[in-house]
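Student: Below are the sequence and a predicted model; questions follow.
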Amino acid sequence: MLCKRSAIHHKPCLAAVTGALLLCQAAAAQAQSGSADTTVAVAPVPQIMATVPPEQGASPSPLSANMTLTSQYVSRGFRQTWGRPAVQGGVDYAHPGGWSVGTWMSTISDKFIEGGTVEWDLYGGYTGTIGDFVYAGQIYYYLYPGAKLQSAQTKYNYGEAVASLTYKWINVKYWLTYTPDYFGYNSASIGTGSGLHSRGSGYLDINGTFDLGYGVSLLLHYGQERVRNFAAYGFRDVRVALSKAFDGGWTLTGAYTRGWGRSDVYDHYTTGALDSAGNPSVSNPLENTFLVSLTKTF
């Protein structure tokens, strides 16, 4: 999350060391995007989910579930599991009238979010169509049970409202923070200004999904975060992913992600958690990352 010992970000806690000051830091993953776009939830980066056609004459169930094992959890370019594997899963209910609600969870690292072990996303919204256009509006709330930036007594929990528009292969979303803080960014946690908060921060999320045939899909993603009142903490990220859908609701995905900030505040990120040698674990959570994930949908 941010400062002095930790830092902030959408699904991130971080602390960047600038001279003697440690700063901390952002998804979601949206499991269908909420966390990850199924991307993940929140966090968000969209993943491609495999589906099994309903039996002839049968109505598809409004309930669905998903489980994922991934070599890393990366949301909005940030390595939320600090290079370690993650277990993820979610449940969704989609009403025939277009309304939906769901929940999604992922393991995370306390080296990225101080005191955190789990991210829990809650979301709901409405989806409709006009010709070839698909529009949607959703409300997300991200919980990090037990996690807190101790130096500033700031929690990472936050909420976003999402507007989405899809036309054929391209999807554009905008995530707007409606809670007082975005991932815990405020004057106390970052150590800048007095009484400032980050409500109104926004994330532009652009995705192109291409069907390559034989059950293979290509995802191209670009994202840009603007942190209100704390411009130095803004960042951008890209993702390129190939997914292969198999019978039985299985999907195998390989992805490359890369993020970069507007300044060097994320270059020396730490929450104060110790490494194997007993020293503070410091890294750039936005560095180049390759990951592989296996998802099962029910």
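Tutor: Yep, it's here.

Student: what ranges do the helices span in the stretch 51-200 of the chain?
Tutor: 187-190 (DSSP state H, counting those that start in this stretch).

Student: So, low pLDDT: which residues of it?
Tutor: Within the stretch 51-200 of the chain, the stretches with pLDDT under 70 are 51-59.

Student: show me the contacts for the residue nearest to residue 147 when sequence neighbours are not counted.
Tutor: Nearest-residue entry for residue 147: residue 116, 3.4 Å, with adjacent residues in sequence omitted and distances by C-beta to C-beta, 6 or more residues apart in numbering. C-betas here are computed from N, CA, C, even on glycine. Applying C-beta atoms under 8 Å, 6 or more residues apart in numbering to residue 116 gives the contacts 13, 108, 109, 110, 144, 145, 146, 147, 156.

Student: what's the spacing between residue 116 and residue 159?
Tutor: 17 Å (C-beta to C-beta, to the nearest Å).

Student: One more: residue 128?
Tutor: Computed as C-beta to C-beta, the residue 128 to residue 159 distance reads 23 Å.

Student: Looking at these two, which is more packed in?
Tutor: The residue with more neighbours, out of residue 128 and residue 159, is residue 159; 19 against 11, by other C-beta atoms under 10 Å.

Student: ok, the more buried one touching residue 141?
Tutor: Yes: using C-beta atoms under 8 Å, residue 159 is in contact with residue 141, at 4.3 Å.

Student: which neighbours do the two share?
Tutor: Residues within reach of residue 159 and of residue 141 at once, by C-beta under 8 Å, 6+ apart, are residue 179.

Student: which parts of stretch 189-206 are buried?
Tutor: Residues of stretch 189-206 classed as buried: 189, 190, 191, 192, 197, 198, 199, 201, 202, 203, 205 (neighbour count, 16 or more other C-beta atoms under 10 Å).
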